[in-house]
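Trainee: Build me a model from this:
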Amino acid sequence: MLTSPTLLVNKDICLRNIERMVSKARASNTILRPHFKTHQSAEIGNWFRDFGIDCITVSSIKMAAYFAANGWKNITIAFSVNILEWREIDRLAEKINLNILIENMEVIPHLEKNLNHPVGVYIKADTGYGRTGIDADDFDSFQKILTLLKPSKKLIFLGFLTFAGHTYHTKSTAEIENIMSDSIRKLLALKTFLRTDFPLLQLSYGDTPSCSIATDFEGLDEIRPGNFVFYDEMQYQLGVCKREDIAVALACPVVSKHSRQDEIVIHGGGVHLSKESITDKSGKSYYGVAVALDNYTWDVKDVIGKVIKLSQEHGIIKLSEGIDNINIGDMVAILPIHSCLTANLMKSYTTTDGNKITTM
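Mentor: This is a model prediction of the structure:
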């Protein structure tokens, strides 16, 4: 019986989402290296094995160690390397095929001097997001880094990696498609520029919106979407999935009713959902969509309202219709704006048949 905020996961929907992405990648002869920062769970990670996935992406050395301990032998840490963690990197590289990400020349001599075991290296290319990485058009900077990398015995250059995170700020699927096309064009230009010296270099591309709507991945060696296993309200509003594809929902108890405002108060706040929000067409922000919940199963077709306010533990839901059908003590389900953040905060799942799943 659910009595407190609980993150529910529908395994059947997850498997359907995984199968869809695997099928698209295989049709393009592209490796799918899913990003496991979304679910952070060994058990959910095992669901990917059934589809032949044997290489993964993570966002920290701690996460890499967790999944390595659960049998994953080929892991990319898609976060710019922290040289203070060289000992942890070296210990893990002794056991598995570990790939790291660099974007600065300064880290190369430090790692070359201290590591005892070789690691694969991707250089982070910024294809327009503007968060991290070297501008993909800055060929000179790439050339300088590669001059240092080429003679290295410990740092094995693999290729270029990018995250087209600006797809999350688009207003149409056509815009998402344009960003993906532009990113691939920039990566291919880099590959052409360096083809003579590095004929085997790989191109690694990641983000759920464009990987979800793309029909093929021509020109890419691998894709690294993560959020697709769960999806969320943000992906739905971007037009890259249906609400029926959202595989997680936060079950929350109703603790109060405000009849005059047609609002209910739930135990479910920023410490559960995060404060990630979406602005609707009227210019108002909301933090999740409330739908009907029956035991451990939610119904995305029965929308109750939107979460319009969040504090640490409280959530305020503005109801779509009257308040009479909602009672104090009821449980409602919230489709999160960003499932990755919600999963990270909640630290565990309950499946639709009532089983518990832990995370790292």
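
Trainee: So residue 38 is in contact with residue 226, correct?
Mentor: Yes - taking Cβ atoms under 8 Å as the definition, residue 38 is a contact partner of residue 226 at 4.2 Å. Any C-beta I mention is one placed from the backbone N, CA and C, and that applies to glycine too.

Trainee: Name the residues contacting each of those two.
Mentor: residue 340 (Cβ atoms under 8 Å, 6 or more residues apart in numbering).

Trainee: Point me to the residue sitting farthest from the middle of the chain.
Mentor: residue 260 (39.4 Å; Cα atoms, centre = their mean).

Trainee: State whether that one is indeed within a helix.
Mentor: Yes - using DSSP: H, G, I helix; E, B strand; the rest coil, the assignment for residue 260 is a helix.

Trainee: For the top strand by length along the chain, which helices and strands make contact with it?
Mentor: If you go by DSSP state E, the chain has its longest strand at strand 297-310. If contacts are counted by 3 or more Cβ pairs under 8 Å, 6 or more residues apart in numbering; DSSP states H and E, strand 297-310 sits against strand 263-267, helix 270-273, strand 285-286, strand 288-294, strand 314-319, strand 331-336.

Trainee: Please put the alpha-carbon coordinates of the second one into CSV.
Mentor: What that stands for is helix 270-273. Written as CSV, here are the backbone C-alpha positions of helix 270-273 (Å, rounded to 0.1, in the frame of the first residue of the first chain):
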residue,chain,number,x,y,z
GLY,A,270,11.1,20.0,-4.7
VAL,A,271,13.0,17.3,-2.8
HIS,A,272,11.0,14.7,-4.7
LEU,A,273,10.3,16.2,-8.2
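
Trainee: Tell me the buried residues in the longest strand of the chain?
Mentor: 298, 300, 303, 304, 305, 306, 307, 308, 310 (16 or more other Cβ atoms under 10 Å).

Trainee: Using PDB, write down the CA coordinates of it.
Mentor: Extracted in PDB, the C-alpha atoms of strand 297-310 (Å, rounded to 0.1, in the frame of the first residue of the first chain):
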ATOM      1  CA  THR A 297      -0.900   2.000 -12.100                       C
ATOM      2  CA  TRP A 298      -1.500   5.500 -13.400                       C
ATOM      3  CA  ASP A 299      -3.700   6.700 -16.300                       C
ATOM      4  CA  VAL A 300      -2.200   9.400 -18.500                       C
ATOM      5  CA  LYS A 301      -5.600   9.900 -20.200                       C
ATOM      6  CA  ASP A 302      -7.200  10.900 -16.900                       C
ATOM      7  CA  VAL A 303      -5.400  14.300 -16.200                       C
ATOM      8  CA  ILE A 304      -6.300  15.800 -12.900                       C
ATOM      9  CA  GLY A 305      -4.400  19.000 -13.100                       C
ATOM     10  CA  LYS A 306      -0.900  20.600 -13.000                       C
ATOM     11  CA  VAL A 307       1.600  21.100 -10.200                       C
ATOM     12  CA  ILE A 308       1.700  24.900 -10.100                       C
ATOM     13  CA  LYS A 309       3.800  25.500  -6.900                       C
ATOM     14  CA  LEU A 310       6.500  23.600  -5.100                       C
END
